[in-house]
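Peer 1: Have a look; sequence and predicted model below, questions after that.
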Amino acid sequence: MIVVSNASPITNLNVVGRQDLLHQLYHQVYIPEAVFRELSAMDSHRLEAIAVQTIGWIEAKPVDNRSLVESLLLELDLGEAEAIILASETKADLLLLDERRGRKVASRFNIRCIGLLGILIDAKRKGLLDAVKPILDDMIAKAGFWVGSRLYARVLQDAGE
């Protein structure tokens, strides 16, 4: 399975100490160079900066079609644009992306997306988590991850909690 990620799933899971879920679910995760630079530029004492540079299952890959990336910059930031184009170029099975606008653009490329909440639900369904709620609550409290009350309730319902 080929999986490409934007920065958000990596950083938010790192803040709550559960980046391992990405490895357990997907084994190998590719990130575009813009996302690698974004993660590497973070405070070197933060786990995100350390992990992306030292964990072998996260691999940075270049994007070939720079003109297509440039055209997407009218709608998206550089990391999102490169993640979508890298997913397209590698024929990724899945793109890890939280931003609604990015998902809409990815759909134009027929790229299947999943966000962090879907990742948590999948992890629970596969027996990698006992419960989604404590991790979701930690992401909200520690990482500033925003989830509306209706979506929060729906995620817990989908997770059987």
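Peer 2: Received it, and whenever you're ready, just let me know what you need. Residues are numbered from 1 along each chain as shown.
Peer 1: Show me what the lengthiest helix in the chain is packed up against.
Peer 2: Looking across the chain with DSSP state H, the single longest helix is helix 78-89. If you count contacts as 3 or more Cβ pairs under 8 Å, 6 or more residues apart in numbering; DSSP states H and E, helix 78-89 packs onto strand 3-5, strand 29-32, helix 33-40, helix 66-72, strand 94-96, helix 100-108. C-beta: built from backbone N, CA, C; applies to glycine.
Peer 1: Just say helix, strand or coil for the residue nearest in space to the middle of the chain.
Peer 2: Centroid check for the chain by Cα atoms, centre = their mean gives Pro9 as the closest residue, at 3.1 Å. Classification of Pro9 using DSSP: H, G, I helix; E, B strand; the rest coil returns helix.
Peer 1: Tell me who's in contact with it.
Peer 2: Pro9 makes contacts with Leu22, Leu96, Leu97, Asp98, Gly115, Leu116, Ile119, as judged by Cβ atoms under 8 Å, 6 or more residues apart in numbering.
Peer 1: Likewise for Ala87?
Peer 2: So Ala87 contacts Val4, Leu95, Ala106, Phe109, Ile111 (Cβ under 8 Å, 6+ apart).
Peer 1: what about it, distance to Arg66?
Peer 2: Distance from Ala87 to Arg66, counting by Cβ to Cβ, to the nearest Å: 16 Å.
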